[in-house]
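Participant: I would like the atomic coordinates for the input below:
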Amino acid sequence: MRYKFFAVLLILSNSVLLLAIDRAEFQQRRQRAAALFHDGILLVHATSRLNLMGDRFRQDPAFYYFTGLENVASALLVIDGQSGQSSLFLSMPAKSAALAETMDAKSTAILPVEISPGPEAARDLLFDRIEDWASLEGFLTQHASSMRTLYYVPQRFSLEELPPSFGSQTEPAAPLWAVTLAKKWPALNLKDAGGAIYQLMAVQSAGEMESVRMAAKSTVLAVLAGMRAIRPGASQRSVEIGVENACWQNARGVSFWPWAMSGEKGVFPRAWASLLRYDHLDGVLQSGDLVRLDVGCEWNHYQGDLGRTVPVSGHFTNAQRETWNIFVSAYQAGVRSMREGLTVEQLYDAWRYELVRHREGAKTDLARKAIDSWSKRENVPFWGPHTMNLDAGFIQGPLRAGMTIDFEPIAAIEGQGYFLEDMILITRDGAEVLTPGVPYTAEEIEAFMK
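Facilitator: Numbering: from 1, shown residues only. Next up, the predicted model:
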């Protein structure tokens, strides 16, 4: 019964082709990738794992960026840098042995697909060819003699599946499907294209910005919902569920599972341990602790990401209040410095300058200790901005106009984490905060939580 119900959901979700952006824009993205990887072939894999425990199917961000196909699974996009051609090789769900093991033959036979191989689909979606992926071997064999590099996009947040001796010695992060291809055609040189792909994704078009703004707007509502749920004795899970519910009410779900970690659980790097723990570092919120509330809602695949530091009791202590307000002042100074051409190092300098400016007037030992610690870059290793669009990515080089970033200084003092984050659009002469309406200062946060 469980798997038949799952099959019905697949039928409903795959019945309509959803392209939020004009198909010509996806074609232009593939053409830019062909020019960038002109000495080889770029391979981008669609999501191939179906997760019954998740809230829905999630397409691979890079695959969606180049194709606009949100429901296709087990497919491989091939962009030939030498010819400039783009090919899509599809695995048909009705023929999948893995699905056949969990569904009866009748169910798998009627599973519809978003697209079917053939010239008609290729013309409609502006590809050079769309074929069953049984023809992938022949395609690569035909091109292997003229190709030099096989570019791949690594699987983010994945761990090793086999010992290094089974993988690629030169590219240890390569997924097993890419290693398999490289071993079959040993003349091909595997190369990680992830950083370059995320640089292509970093600057949003006008069509993308519509979705980014909607993701940001809905995430504001989710953060406020999370703040309302924070109180002594509440569980971390109850806060996260409040956020999740707000994202489904105002968007299309969460872009990542919300973080509402309190006290030492929210201090980096311990917070990362939640990714490898069955209990997700769950716990009961204790008065006196600070909560790292870090959430994001998703709209048409584009992700929100926004957060605040919130006192469990609804009130900061005097020392926490002063420290947090200085943190906020430094944050806002960093935002004011943002514009096209600014480097991450210059952003830190602006943040640090404002931080140190408060040292002489600081009244509490905690604030003075925090300033002395955080003004040394080595003491805030997790401080920094990142890009935010279909996925979070590292910033390489100066900020660019049209780039959406999350400014996310992360610091800690005396076992409590301090964290602040907004979604920000970079312009030629400044920056636009896309997530207004969330309190900043201690007094504003306390007033909201009354």
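
Participant: ranges for the strands of the stretch 151-300 of the chain?
Facilitator: Taking DSSP state E, counting those that start in this stretch to define them, one finds strands in the stretch 151-300 of the chain at 189-192, 259-262, 290-295, 298-299.

Participant: Ala122 is nearest to which of the ones you listed?
Facilitator: strand 189-192 (27.3 Å; Cβ to Cβ). Every residue, glycine included, has its C-beta placed from N, CA and C.

Participant: which strands and helices sit next to the closest one?
Facilitator: On a contact count with 3 or more Cβ pairs under 8 Å, 6 or more residues apart in numbering; DSSP states H and E, strand 189-192 meets strand 149-152, helix 176-184.

Participant: could you rerun that using 6 Å?
Facilitator: On a contact count with 3 or more Cβ pairs under 6 Å, 6 or more residues apart in numbering; DSSP states H and E, strand 189-192 meets strand 149-152.

Participant: picking that back up, would you mind giving the strands of the stretch 151-300 of the chain as a markdown table with mean neighbour count and distance to Arg231 added?
Facilitator: Below are those laid out as a markdown table (neighbours: other Cβ atoms under 10 Å; distance: least, Cβ to Cβ, whole Å):
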| stretch | mean neighbour count | distance to Arg231 |
| --- | --- | --- |
| strand 189-192 | 18 | 45 |
| strand 259-262 | 28 | 11 |
| strand 290-295 | 27 | 10 |
| strand 298-299 | 24 | 27 |
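
Participant: turn the ones you listed into CSV, columns for mean pLDDT and distance to Ser91.
Facilitator: Below are those laid out as CSV (pLDDT from 0 to 100; distance: least, Cβ to Cβ, whole Å):
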stretch, mean pLDDT, distance to Ser91
strand 189-192, 92, 22
strand 259-262, 96, 35
strand 290-295, 98, 34
strand 298-299, 97, 26
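
Participant: of those, which is nearest Ala362?
Facilitator: Evaluated over these, closeness to Ala362 peaks at strand 290-295, with 18.4 Å, by Cβ to Cβ.

Participant: low-confidence stretches in the stretch 251-400 of the chain?
Facilitator: Of all residues in the stretch 251-400 of the chain, none has pLDDT under 70.

Participant: show me where it has helices.
Facilitator: Secondary structure of the stretch 251-400 of the chain (DSSP state H, counting those that start in this stretch): helices located at 318-337, 344-357, 365-374.

Participant: nearest to Ile41, out of these?
Facilitator: Taking these one by one with Cβ to Cβ, helix 344-357 is closest: 32.2 Å.

Participant: for the closest one, buried residues please.
Facilitator: 344, 347-348, 350-352, 354-355 (16 or more other Cβ atoms under 10 Å).

Participant: now swap in stretch 200-213 and tell me
Facilitator: Neighbour counts over stretch 200-213 (16+ other Cβ under 10 Å) mark 201-202, 204, 208-213 as buried.

Participant: now Phe419: how far from Ala246?
Facilitator: According to Cβ to Cβ, to the nearest Å, Phe419 stands 20 Å off from Ala246.

Participant: please apply the same query to Ala442.
Facilitator: 24 Å.

Participant: which of the two has more neighbours?
Facilitator: Between Ala442 and Ala246, Ala246 has the larger neighbour count (other Cβ atoms under 10 Å), namely 25 against 22.

Participant: residue contacts, the more buried one?
Facilitator: 221-222, 225 (Cβ atoms under 6 Å, 6 or more residues apart in numbering).

Participant: low-confidence ranges in the stretch 51-200 of the chain?
Facilitator: For the stretch 51-200 of the chain, the stretches flagged by pLDDT under 70 are 93-113.

Participant: nearest residue to Gly402 in space, please, no chain neighbours.
Facilitator: By the measure of Cβ to Cβ, 6 or more residues apart in numbering, the closest residue to Gly402 outside its immediate chain neighbours is Val203, 4.1 Å from it.

Participant: quick one: contacts of the longest helix anywhere in the chain?
Facilitator: Ordering each helix of the chain by length in residues (DSSP state H) puts helix 206-229 first. With Cβ under 6 Å, 6+ apart as the test, helix 206-229 has contacts from 21, 204, 238-239, 242-243, 246-247, 250-251, 293, 295-297, 299-300, 302-304, 306, 310, 404, 423, 434-435, 437-438.

Participant: ok, now stretch 247-254?
Facilitator: 55, 218, 221-222, 244, 297-299.
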